[in-house]
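Student: Let's see this in three dimensions:
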Amino acid sequence: MRHRILRRLPWLAAALAARGGDVHEASPLLQCSDADVERWNDEWLAYLRREWQYQLTPHTELTEKPPLPADPLDLVHLSVGLRWKLSLYCDRDALEGRRVMELGCGCGNLGKQVARYVQSYLGVDYSPMALQVARLVSPANCTYIHVSDGEGLGYFFGQVDTVISRFFWIHQNRRPARRHLEFLELFLRPGGRLYAEFYWPDPEVEQFIVLPPGAALSKAHPSATFRYTGEDVQELISGRPFRILRETVSLPMQRRYVVLERLAEPGP
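Tutor: Now for the predicted structure:
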């Protein structure tokens with residue numbers, strides 16, 4: 001299967017590039033530009049200025065290993081010695097002893113915490129600066145690779161059991177979300193799971209900027225969130241080798257948590 005997926009790599013890059021995009025979207029994955037690197041390096045420098053004491057905490061200082069809860073909603077509130085909550089929705093059996101991947105890993109804040117539970121962890125990001133920080137603070141079972149490193153990433157095609165994310169899908173409109181889904185399907189083995197969190201606003205809570213998934217990304221409001229209905233999620237995965245295993249709406253977290261299963265490769 002890996003050889004078949006590797007042959008698809010040039011096709012995927014060309015197809016993503018052909019779609020283009022507006023000025024507010026990052027370049028397609030596998031084709032990161034200098035502008036993308038500069039943007040995300042600047043973004044992570046800003047995070048480090050505010051959160052350096054957490055982002056730079058090495059894994060050796062995180063000595064706690066609480067048991068993973070049976071309810072994935074309880075995992076959202078779990079702390080692994082960093083004072084911050086994991087803010088991660090995932091089933092226990094999809095983490096323990098599994099080969100796990102995160103797209104948008106940044107400085108490895110999540111990777112260095114979940115590494116004690118998983119067999120291996122692969123973090124992918126646009127910022128080479130953030131990835132270097134992640135390498136310095138994470139244990140040996142964590143690997144960090146830039147989104148443009150097709151050769152390095154190719155080793156992991158078809159090898160991932162679980163894709164996790166947090167604070168990622170809530171900021172994606174339909175077009176980049178679709179591109180990310182197509183990218184991640186290269187890594188997931190058949191039967192593997194992708195855990196996505198989409199925004200679902202609580203009508204009783206005052207909101208910032210909430211847009212439908214068909215709306216364009218906004219330079220004026222880069223932190224805008226996109227509200228996905230169940231039908232929107234179905235449209236997102238239409239024609240891709242995924243099926244929805246479960247949807248969980250949490251108004252306290254203002255999230256629609258969706259578990260997708262990677263289906264076998266379609267026939268020729």
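Student: For residue 262, grab the count of nearby residues.
Tutor: By the criterion of other CB atoms under 10 Å, residue 262 has 23 neighbours. The C-beta positions use only the backbone N, C-alpha and C, and glycine is treated the same way.
Student: wait, doesn't it sit right on residue 186?
Tutor: No: counting by CB atoms under 8 Å, residue 186 is not a contact partner of residue 262; they are 10.1 Å apart.
Student: Straight-line length of stretch 146-164, end to end?
Tutor: Separation of the first and last residues of stretch 146-164 by CA to CA, to the nearest Å is 17 Å.
Student: Okay, now the unreliable bits of the chain?
Tutor: In the predicted model of the chain, residues 1-30, 218-222, 265-268 satisfy pLDDT under 70.
Student: so where's the longest strand in it?
Tutor: Counting by DSSP state E, the longest strand found in the chain is strand 188-199.
Student: got a list of contacts for the next helix or strand after that one?
Tutor: Toward the C-terminal end, the helix or strand that comes next after strand 188-199 (DSSP states H and E) is strand 210-211. Applying CB atoms under 8 Å, 6 or more residues apart in numbering, the set of residues contacting strand 210-211 from outside is 173, 199, 201, 218, 224-227.
Student: can you map out the strands along the stretch 101-250 of the chain?
Tutor: Secondary structure of the stretch 101-250 of the chain (DSSP state E, counting those that start in this stretch): strands at 120-125, 142-146, 160-164, 188-199, 210-211, 225-226, 242-250.
Student: contact partners of the fourth one?
Tutor: Put plainly, it is strand 188-199. Under the contact criterion CB under 8 Å, 6+ apart, strand 188-199 has outside partners 89-91, 94, 158-170, 181, 184, 210, 225-228, 232-233, 242, 245, 254-265.
Student: Cheers, nothing more for now.
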